[in-house]
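In: Just a sequence and a predicted model for now, questions to come.
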Amino acid sequence: MLGRELMIAPFLTNSTKREVYFPSSKWYNFHTLAPINIPKRASRKVSIERKLTDKIPMFIKEESLVLTQDISLISGSRDLDNHYLITCAIGDSGEAIGRILGVKSYNEHTIKKKCENADCILQLKV
């Protein structure tokens with residue numbers, strides 16, 4: 001786990017398949033935004049596959065908000081306050097709540113969105 005919002009599941013061998021335990025909640029693939037189908041049984045393990053060229057598997061928990069920045073768009077320190085992307089995983093409550101620190105005018109940020117279904121995820125450019 002990386003905080004409460006993200007889970008990273010690296011492959012530590014040359015294997016192309018592994019089982020990942022998902023703590024209680026709904027989870028989404030951070031890279032594709034697809035919901036993870038977690039079995040109802042007690043183990044809550046999901047088999048994930050990868051190619052050697054794939055990104056490290058990362059997952060975002062429902063009701064979470066994660067700020068990222070595309071470093072390819074940064075040419076100097078003056079660009080550090082630009083080009084952000086907020087990834088929001090909306091939960092059953094219809095909310096995603098998070099704090100973004102160190103970004104001008106986004107010191108505390110709350111995003112609320114009502115969804116038609118429970119599997120809702122969105123990205124916002126800020």
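Out: It's in.

In: Helices along this structure, start to end?
Out: Read by DSSP state H, the chain holds no helices at all.

In: got any ranges where it has weak pLDDT?
Out: Within the chain, the stretches with pLDDT under 70 are 80-84, 94-126.

In: switch to 90 and redo it
Out: 1-5, 13-14, 24-26, 31-35, 39-43, 50-54, 62-126 (pLDDT under 90).

In: Tell me which stretches of it form strands.
Out: For the chain, the strands defined by DSSP state E cover 6-8, 17-21, 27-29, 45-49, 58-61, 64-69, 84-90, 95-98, 109-112, 120-125.

In: Convert the fifth one to PDB, retaining C-alpha atoms only.
Out: The reference is to strand 58-61. Extracted C-alpha coordinates of strand 58-61, given in PDB (Å, rounded to 0.1, in the frame of the first residue of the first chain):
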ATOM      1  CA  MET A  58      -1.100   0.100  -9.600                       C
ATOM      2  CA  PHE A  59      -4.600   0.200  -8.200                       C
ATOM      3  CA  ILE A  60      -6.600   3.100  -6.800                       C
ATOM      4  CA  LYS A  61      -9.200   2.600  -4.000                       C
END
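
In: hang on, isn't Ile86 packed against Ile60?
Out: No - counting by Cβ atoms under 8 Å, Ile60 is not a contact partner of Ile86; they are 11.2 Å apart. The C-beta positions use only the backbone N, C-alpha and C, and glycine is treated the same way.

In: Neighbour count: the two, which is higher?
Out: Set Ile86 next to Ile60 and count neighbours by other Cβ atoms under 10 Å: Ile60 wins out with 24 against 19.

In: what's across from that one in the sheet?
Out: Per DSSP bridges, the residues bridged to Ile60 are Leu6, Tyr28.

In: just the one 5 residues further on next, same as before
Out: In this structure, Leu65 has the following beta-bridge partners (DSSP bridges): Cys88.

In: what's the spacing between it and Val20?
Out: Leu65 sits 22 Å away from Val20, going by Cβ to Cβ, to the nearest Å.
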